Structures are given as structure tokens and as C-alpha cells.
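Asker: Predicted structure and sequence below. I'll ask about it afterward.
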Amino acid sequence: MTQILNLTINGTSQDIPIDDPRATLLDVLRERIGLTGTKKGCDRGQCGACTVLIDGRRINSCLALALSYDGAEITTVEGLAQGELLHPVQAAFIEADGFQCGYCTPGQIMSAVALIAEGEAGLDPERVREGMSGNLCRCAAYAGITEAVLKATRAMNREDAA
């Protein structure tokens, strides 16, 4: 039996027919909507490559049953930039060379956006590393990732103060 899932994805409301009640949010985003920035890494909630924001909170979309989030607002990495203007976290990842192969980068960026919004990043590298510990990088670009989060935090704090 087909069910209709209503999601607001990156600011756009969408009705999505779901034939399999076991469909994960990750699979719906990638295969039904075509938002392939969210990556399927381990498919077990251990690597964080599939991190998206649901109602502002970060989750591993590979573990989330899509139908459980009917009516939710979802932000993926594709929804961060405003046209050509990158989100401060995206810009900081480029400036700090916070990636190598790039496979984990979308999940890292989404986790960093949430960490900063939660007020948990601060300017302490140890707090950043702890807050980002749910996102793994097989290339071990952790120094660049930590620096990117710190840069973005400073940039966003300056914007808030202005």
C-alpha cells in the first residue's frame, strides 16, 4: 500500500509516495528526490556520512525510517548555500582544507552546522573534536575538519555580532 510522505526539504514542500514502509530517509533523499550529497557510508549509523538536519537536529538518515518523519523539515548539504554564496561552514571547509577524498564531507559539514547552532562548538578544539566524533573520516583529515569548524564558528560569531 502506497503512503504519501510530506517533507519540507531544503525549504520546498514535497509529497513523496512511499511503497515500502521500511524505506530509510537516506534512500528517499538519494533515490526518490535525487539529492545525492547525502552519502551512504556504512548504512549502520556508525560513520555519519549520511548526516542531515531534521527540524534543526542532526541525525543519521540511514537509520531513520522515512515515514517516521512525515511533516518534518529536512536540510541536506544541498540546502545550505544561497545561490553562489556558500554557507560559512562550507566556505571554512574549503579554506581549512577540511577534506581529502570528500566522501564524508557532506555529513561532516551538516554535523558542524548543527554543532555550531547548538552552541557546543565554542572555540575549543577538544570540544569540536568531541562534538564531531560521530562523523568518521577514512582519510583522517581531522585536523582540517577541526580547523574548519573553528573558522566557521568565528565567522558566524562575527556575523551575529554585526
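Answerer: That came through fine. Residues are numbered from 1 along each chain as shown.
Asker: who does the worst-scoring helix or strand of the chain on mean pLDDT touch, helix- and strand-wise?
Answerer: Using mean pLDDT, DSSP states H and E, helix 142-161 stands out as the lowest-scoring helix or strand of the chain, at a mean of 92. Taking 3 or more C-beta pairs under 8 Å, 6 or more residues apart in numbering; DSSP states H and E as the contact definition, the neighbouring helices and strands of helix 142-161 are helix 88-95, helix 105-117, helix 125-131. C-beta coordinates here come from the backbone N, C-alpha and C atoms, glycine included.
Asker: Could you pull up the residues touching the closest residue to Gly107 other than its chain neighbours?
Answerer: Setting aside the residues directly before and after it, Gly107 is nearest to Thr51 in space (C-beta to C-beta, 6 or more residues apart in numbering), at 3.9 Å. Thr51 makes contacts with 38, 58-61, 106-108, 110-111, 134-135, as judged by C-beta atoms under 8 Å, 6 or more residues apart in numbering.
Asker: Out of the helices and strands packed on helix 142-161, which is closest to Asn6?
Answerer: Ranking the helices and strands packed on helix 142-161 by proximity to Asn6 (C-beta to C-beta) places helix 105-117 first, at 21.7 Å.
Asker: right, so the helices and strands packed on helix 142-161: which one is the most enclosed?
Answerer: Relative to the other members of the helices and strands packed on helix 142-161, helix 105-117 carries the highest mean neighbour count by mean count of other C-beta atoms under 10 Å, namely a mean of 25.
Asker: Which residue, other than its chain neighbours, is closest to the spatially most central residue of the chain?
Answerer: Residue closest to the mean C-alpha point of the chain, counted by C-alpha atoms, centre = their mean, is Met110 at 2.5 Å. The shortest distance from Met110 to any non-neighbouring residue, by C-beta to C-beta, 6+ apart, is to Thr51 (4.4 Å).
Asker: Done for today, thanks.
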